[in-house]
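show me how the following folds:
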Amino acid sequence: MSLNITHNSLLKKHYLLVDSTGVEFYASSPGGEPRQFTFSQMEQVLMSPEHVLSFQAGDEVFSIPTNPDNAEDQAAIEMLVQEARRAAAMAI
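Residues are numbered from 1 along each chain as shown. Modelled structure (predicted):
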């Protein structure tokens, strides 16, 4: 099962797809390609007061606006956090 967060504006398109193997992240930019990460590659997962979800993988930080009233956004966030925690616990 995969869950999706999508945020599109006039200037930029974002999506974050979360499934049991990790995440696929895309933010439109010239020559931009979707990026894929396993949960064990994630060092930090953060949520800003403005509901922007960010995660760090290596030296890079990836962010996507979320909607707190959207059930699928909230389910994807919950799955991402739960799986990242599980991967971090297994690494110890």
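
please make it C-alpha for all contacts and neighbour counts, starting now.
Fine.

residue contacts, Tyr15?
Residues touching Tyr15, when contacts are defined by CA atoms under 8 Å, 6 or more residues apart in numbering, comprise Asn4, Ile5, Thr6, His7, Glu24, Phe25, Tyr26, Ala27, Ile64.

what do you get for Asn67?
For Asn67, counting by CA under 8 Å, 6+ apart, the contacting residues are His51, Asp73, Gln74.

helices along the chain, start to end?
In the chain, the segments counted as helices under DSSP state H are 71-91.

quick one: the strands in it?
Read by DSSP state E, the chain holds these strands, from start to end of the chain: 3-8, 13-19, 22-27, 35-37, 42-47, 52-57, 60-65.

what's the closest of those strands to Ile92?
The closest approach between Ile92 and any of the strands of the chain, judged by CA to CA, belongs to strand 42-47 at 13.2 Å.

check which helices and strands the closest one sits against.
strand 52-57 (3 or more CA pairs under 8 Å, 6 or more residues apart in numbering; DSSP states H and E).

which parts of the strand it packs on are buried?
Neighbour counts using 16 or more other CA atoms under 10 Å place Leu53, Phe55, Ala57 of strand 52-57 among the buried residues.

residue closest to the middle of the chain?
To find the centre residue of the chain, average its C-alpha atoms and take the closest one (CA atoms, centre = their mean): that gives Leu16, at 5.0 Å.

I am finished for the moment; much appreciated.
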